[in-house]
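Colleague: Using only what follows, build the 3D model:
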Amino acid sequence: MRTVVYHVRMPATEALRPRPAHVALAVGFAVAGCLAGAFYDPAPWRPFDLWAHLLTLLIALSLALRETRPLGVLVITAAGFAGYLLLGYQPSLNFWVPAVAFVSVAAREGRGRIVCGSALLAAVIALSGMCGRLPWPVVAVQALIVPAAACTVGLTQRRLAARNAELRRLTALLDQQQRQEARRAVLDERFRIARELHDTISQHMTIVTLQTGLAEYVFCTDPPAARKALGTAAAAGRESLEELRRLLVVLRTYDLGGASGPENPADPLPDELLAGVDRIPALAERLEAAGLRVEVRFSGARRPLHPGIELCAYRVVQEALTNVVKHSGSATAEVAVRYLDDALRVTVLDRGGPLSATSTGGSGHGLIGMRERAKIWHGSLTAGTRPGGGFQVRLSLPLDRTATAADP
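Modeller: The predicted model follows:
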């Protein structure tokens with residue numbers, strides 16, 4: 001994998017501006033070097049005069065630029081210290097300045113420059129030992145140890161800087177992912193609310209529309225039938241308002257996807273808030289007012305299921321039957337609910353004309369919503385025309401993975 005590194009070009013004045021910490025270190029070395037040379041003047045070294053002060057200031061103050069120009073600072077400090085020694089001044093604290101400069105070279109430069117800088121530092125350290133008339137073994141060891149120690153410190157700084165840069169990159173990536181997850185959660189919540197509103201309102205509004213149309217048609221010719229149709233429409237409207245109230249309570253309090261529940265997780269969801277499989281017969285009775293006769297059959301060992309599974313099955317049956325009323329033209333429909341050991345299977349079929357969520361007058365949202373509900377609970381949904389006529393919707397929900405809902 002290729003790694004592309006982008007270099008940001010800064011203005012020259014900003015690039016040369018030293019950091020306060022580096023300035024403080026440079027000033028500290030300059031003051032300490034001048035004080036040490038002024039108060040410690042052993043024989044046979046040359047007295048610490050004005051030139052010694054100027055060279056000390058040059059060597060030390062150049063450390064302020066060691067971050068932006070590390071190799072150049074090393075060359076200046078090494079050359080200044082060599083000249084300082086050749087003029088006969090005692091090493092003082094200037095001995096450590098080239099080593100500090102080489103730390104920045106090892107931390108920021110490439111391998112070739114590190115090797116050159118190491119050789120330069122070893123040479124000036126050896127010169128310091130020879131000018132101090134130290135034994136040659138001490139000179140050799142000193143010329144090896146000081147560059148090695150400075151290089152180790154510099155490489156450690158390089159690794160820490162690389163890790164910090166990677167940490168900043170990962171932090172930025174994590175922040176971006178969190179923002180994306182937040183936006184995705186908002187979209188998922190919108191889809192969930194849209195599904196609930198569609199499934200809750202569609203059936204009742206279908207009944208209201210059909211019954212008010214019937215009442216208008218027979219208003220003058222059959223007043224009792226008109227009054228009955230208006231009563232049915234009013235009842236459907238009141239039930240629609242009640243469903244909306246329940247839905248708002250659920251959306252404000254509970255997570256229908258199963259990720260969270262009441263304030264006390266041990267408390268079950270109240271039965272009056274979520275529709276379940278047991279309410280399918282009542283749903284069929286309500287649809288008789290719209291002229292649809294629904295036969296509901298249960299098979300298998302009936303048992304309580306996860307509230308989300310119950311709601312998914314109920315909403316799919318509700319939407320499928322509503323589509324029969326709106327688009328099929330069939331007078332009868334069948335609902336079969338089978339409790340298996342590892343799955344719940346629901347089949348809704350009619351024997352009338354073809355039913356399609358994308359037929360004239362349909363938006364397709366109903367079929368999309370049914371498939372989304374099935375997917376949330378790791379299930380599958382198929383819908384299509386039957387070979388002998390009519391339309392069939394099949395829902396299968398596994399019961400061994402109901403502890404958590406799938407990612408919508």
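Colleague: Now stretch 336-343: buried residues?
Modeller: Going by neighbour count (16 or more other CB atoms under 10 Å), the buried part of stretch 336-343 is 337, 339, 343. Using the backbone N, CA and C atoms, a C-beta is placed for each residue, glycine as well.
Colleague: Leaving out chain neighbours, which residue sits closest to the second one?
Modeller: The shortest distance from residue 339 to any residue that is not its chain neighbour, by CB to CB, 6 or more residues apart in numbering, is 3.2 Å, and that residue is residue 300.
Colleague: now do residue 74
Modeller: Per CB to CB, 6+ apart, closest to residue 74 is residue 101, 4.2 Å.
Colleague: Please save the CA atoms from stretch 92-111 in CSV.
Modeller: Extracted in CSV, the C-alpha atoms of stretch 92-111 (Å, rounded to 0.1, in the frame of the first residue of the first chain):
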residue,chain,number,x,y,z
SER,A,92,32.5,24.7,29.6
LEU,A,93,28.8,23.9,28.9
ASN,A,94,29.3,24.4,25.1
PHE,A,95,30.2,20.7,25.1
TRP,A,96,26.5,19.7,25.2
VAL,A,97,25.1,22.1,22.6
PRO,A,98,26.1,20.1,19.5
ALA,A,99,24.7,17.0,21.1
VAL,A,100,21.3,18.7,21.7
ALA,A,101,21.4,19.9,18.1
PHE,A,102,22.0,16.4,16.9
VAL,A,103,19.0,15.1,18.8
SER,A,104,16.8,17.2,16.5
VAL,A,105,18.7,15.9,13.4
ALA,A,106,17.9,12.3,14.5
ALA,A,107,14.3,13.1,15.2
ARG,A,108,13.5,14.9,11.9
GLU,A,109,16.0,14.2,9.2
GLY,A,110,16.6,11.2,6.9
ARG,A,111,19.0,8.4,7.3
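Colleague: on that earlier part again, could you say which helix or strand holds the residue nearest to residue 74?
Modeller: According to DSSP states H and E, residue 101 maps onto helix 97-108.
Colleague: do residue 296 as well
Modeller: strand 293-300.
Colleague: so how many other residues sit close to the residue nearest to residue 74?
Modeller: 29 (other CB atoms under 10 Å).
Colleague: Likewise for residue 307?
Modeller: Around residue 307 there are 21 residues (other CB under 10 Å).
Colleague: one step back: show me the buried residues of stretch 336-343 that map onto strands.
Modeller: Of those, the ones assigned to strands by DSSP state E are 337, 339, 343.
Colleague: ok, the residues you listed vs residue 60, which is closest?
Modeller: Residue 60 has its nearest neighbour among those in residue 343, at 80.6 Å by CB to CB.
Colleague: you'd agree residue 349 is in a strand?
Modeller: Yes. When DSSP: H, G, I helix; E, B strand; the rest coil is applied, residue 349 is found to be in a strand.
Colleague: Look at the residue nearest to it when sequence neighbours are not counted and say how many residues are nearby.
Modeller: The shortest distance from residue 349 to any non-neighbouring residue, by CB to CB, 6+ apart, is to residue 392 (4.2 Å). Residue 392: 18 surrounding residues under other CB under 10 Å.
Colleague: Could you give me the buried positions within the one helix or strand residue 392 maps to?
Modeller: Using DSSP H and E, the element containing residue 392 is strand 391-398. The neighbour-count check on strand 391-398 (16+ other CB under 10 Å) flags 391, 392, 393, 394, 395, 396, 397 as buried.
Colleague: contact partners of it?
Modeller: With CB atoms under 8 Å, 6 or more residues apart in numbering as the test, strand 391-398 has contacts from 309, 312-313, 316, 320, 323-324, 328, 342-350, 352, 354-356, 370, 374, 377-386.
Colleague: Strands of the stretch 201-350 of the chain, start to end?
Modeller: Using DSSP state E, counting those that start in this stretch, the strands found in the stretch 201-350 of the chain span residues 293-300, 332-339, 343-350.
Colleague: Using CSV, lay out those strands together with mean pLDDT and distance to residue 109.
Modeller: Output for the strands of the stretch 201-350 of the chain, formatted as CSV (pLDDT from 0 to 100; distance: least, CB to CB, whole Å):
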stretch, mean pLDDT, distance to residue 109
strand 293-300, 90, 76
strand 332-339, 92, 73
strand 343-350, 92, 66
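Colleague: Pick the most buried one from the ones you listed.
Modeller: Highest mean neighbour count of these: strand 343-350, a mean of 22 (counted as mean count of other CB atoms under 10 Å).
Colleague: can you state the direction angle for that one and strand 391-398?
Modeller: Strand 343-350 runs at 170 degrees relative to strand 391-398, counting by axes from the mean of the first three to the mean of the last three CA atoms, to 10 degrees.
Colleague: need the next SSE after strand 343-350, C-terminal direction.
Modeller: Per DSSP H and E, the helix or strand that comes after strand 343-350 is helix 365-376.
Colleague: Quick one: mean pLDDT for that following helix?
Modeller: Per-residue pLDDT over helix 365-376 has a mean of 80.
Colleague: So which elements touch that helix?
Modeller: helix 136-217, helix 307-323, strand 380-385, strand 391-398 (3 or more CB pairs under 8 Å, 6 or more residues apart in numbering; DSSP states H and E).
Colleague: Can you tell me which of the ones you listed is most buried?
Modeller: Most buried among the helices and strands packed on helix 365-376, given mean count of other CB under 10 Å as the contact rule, is helix 307-323, at a mean of 24.
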